[in-house]
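*Asks:* One predicted model, sequence on top.
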Amino acid sequence: MNDEQMQPLLKTWLRARKVAPTDVSNGVAQVVARLPEVPQRDRWWPLPRLHRKAQTSTATNGYATTVSGRTQTMFSATKFVAVAAVLTLAGTLLWSGVLTPPPEEQTPGAEVERTDFIIVTGTSTLSGGGAPTGDDSMSDPRVSGRVQLINNYKMSTEDATGVQWGPYTLTNESGGWEGEWIGFYAGAAVYDESGEENAMVWASGTGDYEGWSYVANYTGNILALDVKGLMYQDLIPPTVVLGLLEAEAE
């Protein structure tokens, strides 16, 4: 059989073996849809990636399917810059203490009693005359108690203004204080007991108060005096004691 005889037969055989063209779009869609299920190596990336499943949709022509969406989403450059700025700001605030948690509140402990120099305040009621007595009510019980004075004085002949001085004692259940006082008095008339007193006291402790000294200032009306003083563990200043000794020697 020659070529001319074979040609019609070949054409008939080829027409019988004709295959429909491959649907390329559908094949691509199938491959892409399987990508999330296949482990793949990727470049190192320090920030998290967001994954979402690929979605397929049918085209309007009814023949081919298309893929919508992405199988992997990374931060864009803008988002990366924004995140870096937030981290930098947070670090700055932490360093400066703005975001540092406040310290835990501490319960204050009991006040420690001072044993060196102790300021005391209170009131005193003294009677008039040559040997006034009264009661001192102070912020520290060690200098509260019964007070007795000897009132030596030099007064004006026109009114009750003048200087006063004498021995001073204060006693209570645990001990006492012995010393001297000096001050001045301003009254409107002779023997006026409603005038203003300003006196200074210094005394040494006895009994439980041995080794302590007490210095106090009495001011106001003699029947309602304000008192402010100082207790301390030491002797009375030596210049004060020397003055008292010289006065007694005369």
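*Replies:* Noted; the coordinates are in hand.

*Asks:* Against L126, how distant is Q148?
*Replies:* The span separating Q148 from L126 equals 9 Å under the rule CB to CB, to the nearest Å. For every residue, glycine as well, the C-beta is placed using N, CA and C.

*Asks:* Repeat that for L149.
*Replies:* 7 Å.

*Asks:* and for these two, which residues touch both?
*Replies:* Listed as contacting both L149 and L126 by CB atoms under 8 Å, 6 or more residues apart in numbering are P132, T133.

*Asks:* Which one of Q148 and L126 is surrounded by more residues?
*Replies:* Higher neighbour count among Q148 and L126: L126, with 23 against 14, using other CB atoms under 10 Å.

*Asks:* With adjacent residues omitted, what lies nearest to the more buried one?
*Replies:* Once flanking residues are discounted, L126 sits nearest to G134: 3.8 Å by CB to CB, 6 or more residues apart in numbering.

*Asks:* show me what contacts that neighbour?
*Replies:* Contact partners of G134, counting by CB under 8 Å, 6+ apart, are S124, T125, L126, S127, R146, V147.

*Asks:* quick one: which helix or strand includes it?
*Replies:* Taking DSSP states H and E as the definition, G134 sits inside strand 133-138.

*Asks:* do the same with A84
*Replies:* helix 77-96.

*Asks:* avg pLDDT for that helix?
*Replies:* Confidence for helix 77-96, expressed as mean pLDDT, is 68.

*Asks:* quick one: buried residues of the helix or strand just after that helix?
*Replies:* Counting by DSSP H and E, the next helix or strand C-terminal to helix 77-96 is strand 117-126. Residues of strand 117-126 classed as buried: I118, V120, G122, S124, T125, L126 (neighbour count, 16 or more other CB atoms under 10 Å).

*Asks:* Going by contacts, tell me the helices and strands next to strand 117-126.
*Replies:* strand 133-138, strand 145-149, strand 224-232 (3 or more CB pairs under 8 Å, 6 or more residues apart in numbering; DSSP states H and E).

*Asks:* Please name the strands paired to it in the sheet, noting orientation.
*Replies:* With DSSP bridges as the test, strand 117-126 is paired with strand 133-138 (antiparallel), strand 224-232 (antiparallel).

*Asks:* Could you list the single helix or strand in this protein with the lowest mean pLDDT?
*Replies:* Every helix and strand of the chain was ranked by mean pLDDT, DSSP states H and E. The lowest is strand 65-68, at a mean of 49.

*Asks:* Can you tell me the SS state at the residue nearest to G229 when sequence neighbours are not counted?
*Replies:* Closest residue to G229 apart from its sequence neighbours, by CB to CB, 6+ apart: A216 at 3.1 Å. Under DSSP: H, G, I helix; E, B strand; the rest coil, A216 falls in the strand class.
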